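Coordinates for the following, if possible.
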Amino acid sequence: MAESLGQYFRRAREDKGWTLEEAAIRTRILSQYLKAVEEDNYEQLPAEVFAKGFVRSYGHLLGLPEIDVLPKFEETGGQFYAKRDEREQLKVQIRDEARRKKSNRLIVAGIVAVVLLALLIATGLNRDRERAAPQPAQDASPPRQPSAQPPPAAELEHLTSVESAVQSQTLESVASEPIPIDVEGNFSSGLPLEGILPDISKLVLEVEALERAWVMVKADHDPAQDVMLSPGERVRWSADERLTLTLGNAGGVRISLNGKLQGPYGGSGKVVKDLTFTR
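Predicted coordinates:
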């Protein structure tokens, strides 16, 4: 059986007498990533562009020819990342479809509210005109049939309550949307979060995407904020006392709290809710 990429790297490192930690210091790549490479465990590696960069740097350090390294990576890693991209595209399609359905519901609720309001106004105007019309003089002609009366007060109260419920549901749906935030581009190689200085007066949380990932954070008592990150993008939050974090792809992000790496909290595609960071 042909030697895998991980076996190829591990044999070359052991021939030099290095530990994983020594190789990590020389390459400036986290030892957990080098270990994942040697175990052919692509689930623990970031996006393909970063993983390929790790493989090139590690192979160069070990003195392995790139013409041997890259084909081995494509044999296994290329297939893995192709399937991962398919899964990510499917998730994005499902999420977009859910947002479109929610928008349609809000539009329908708004139309219903407008129609009910117009009906109430028209009913009120008809009743005012009937009250202002002069009474006909008494004569010998046959009595007329009584004119149609406006809806009774109970029916108007029912319509008003329906309109209020629809408007309230529409406002609550809009208010519950997390507030979007700005995304900071970060295309550094190696260790993207290195050199971050903590602010000891606050909790400072930084999240950097290694893969496409959805993130939501609630800082203290502020409204929740959410963002969809692409690989190489980074966002930052600060709070006085508490930060609550939800991850749509726990293995696709790197998390730093006041300059110190946190986690990891799960593999690629895993959803992790309500991670809490306090002083």
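
contacts, neighbours, all on C-alpha from now
OK.

which residue packs closest to the spatially most central residue of the chain, ignoring adjacent ones?
The centroid of the chain falls nearest to Trp214 when counting by CA atoms, centre = their mean (2.7 Å). In space, Trp214 comes closest to Met228 once its chain neighbours are excluded; the distance is 4.4 Å by CA to CA, 6 or more residues apart in numbering.

Show me which positions of the host helix or strand of Phe277 end up buried.
Per DSSP states H and E: Phe277 is located in strand 272-278. Buried residues in strand 272-278, counted by 16 or more other CA atoms under 10 Å: Val272, Phe277.

How far does that strand sit from its chain's centre?
From the chain centre to the centre of strand 272-278 is a distance of 15 Å (CA atoms, centre = their mean, to the nearest Å).

ok, now stretch 245-262?
13 Å.

swap in stretch 266-279?
Taking mean C-alpha positions (CA atoms, centre = their mean), stretch 266-279 and its chain are 13 Å apart.

Leu247 is in contact with the residue nearest to the centre of the chain, correct?
Yes. With contacts counted by CA atoms under 8 Å, Trp214 reaches Leu247, the gap being 6.2 Å.

pLDDT value on the closest residue to Ala12 other than its chain neighbours, please?
Ranked by CA to CA, 6+ apart and with sequence neighbours excluded, the top spatial neighbour of Ala12 is Leu62, at 6.3 Å. Looking at Leu62, its pLDDT reads 93.

and if you look at Lys101?
Value for Lys101, per-residue pLDDT: 78.

From Glu208, how far out is it?
According to CA to CA, to the nearest Å, Lys101 stands 30 Å off from Glu208.

who has more neighbours, those two?
Glu208 (25 against 11; other CA atoms under 10 Å).

The more buried one and Val235 touch, don't they?
Yes. Here Glu208 reaches Val235: they are 6.6 Å apart, a contact under CA under 8 Å.

Now Ala224: closest residue in space that isn't a chain neighbour?
Per CA to CA, 6+ apart, closest to Ala224 is Lys218, 4.3 Å.

In terms of helix, strand or coil, where does that neighbour fall?
Following DSSP: H, G, I helix; E, B strand; the rest coil, we place Lys218 in the strand state.

any idea how far it lies from Arg242?
For Lys218, the distance to Arg242 equals 8 Å [CA to CA].

likewise Ala109?
36 Å.

again, but for Arg131
Counting by CA to CA - Arg131 and Arg242 are separated by 62 Å.

okay, those two: which has more neighbours?
Neighbours per residue, other CA under 10 Å: of Arg131 and Arg242, the larger number sits with Arg242, 17 against 9.

shouldn't the more buried one be in contact with Thr276?
Yes. Here Arg242 lies in contact with Thr276, judged by CA under 8 Å, at a distance of 7.0 Å.

Strands of the stretch 151-279 of the chain, start to end?
In the stretch 151-279 of the chain, the segments counted as strands under DSSP state E, counting those that start in this stretch are 179-180, 184-185, 203-209, 213-219, 225-229, 233-239, 242-247, 253-257, 260-262, 272-278.

would you turn the ones you listed into TSV with distance to Leu119 and mean pLDDT?
Shown next, in TSV, are these (distance: least, CA to CA, whole Å; pLDDT from 0 to 100):
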stretch	distance to Leu119	mean pLDDT
strand 179-180	35	54
strand 184-185	49	66
strand 203-209	51	92
strand 213-219	42	92
strand 225-229	39	93
strand 233-239	48	92
strand 242-247	45	92
strand 253-257	53	93
strand 260-262	58	93
strand 272-278	45	93
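
Now Pro231. Its backbone dihedrals?
Backbone torsions for Pro231, taken as degrees, to the nearest 10, come to phi -50, psi 130.

distance of it from Lys52?
Between Pro231 and Lys52 the distance, using CA to CA, works out to 14 Å.

Likewise for Arg131?
Distance from Arg131 to Lys52, counting by CA to CA: 82 Å.

show me the contacts for the residue nearest to Ala224.
Ala224, Gln225, Leu243, Thr244, Leu245 (CA atoms under 8 Å, 6 or more residues apart in numbering).

Who wins on neighbours among the residues you listed?
Leu243 (23 neighbours).

wouldn't that residue be in contact with Arg279 here?
No. Assessed by CA under 8 Å, Leu243 is found out of contact with Arg279, at 9.5 Å.

what sits in contact with each of those two?
Shared contacts of Leu243 and Arg279, counting by CA under 8 Å, 6+ apart, come down to Leu203.
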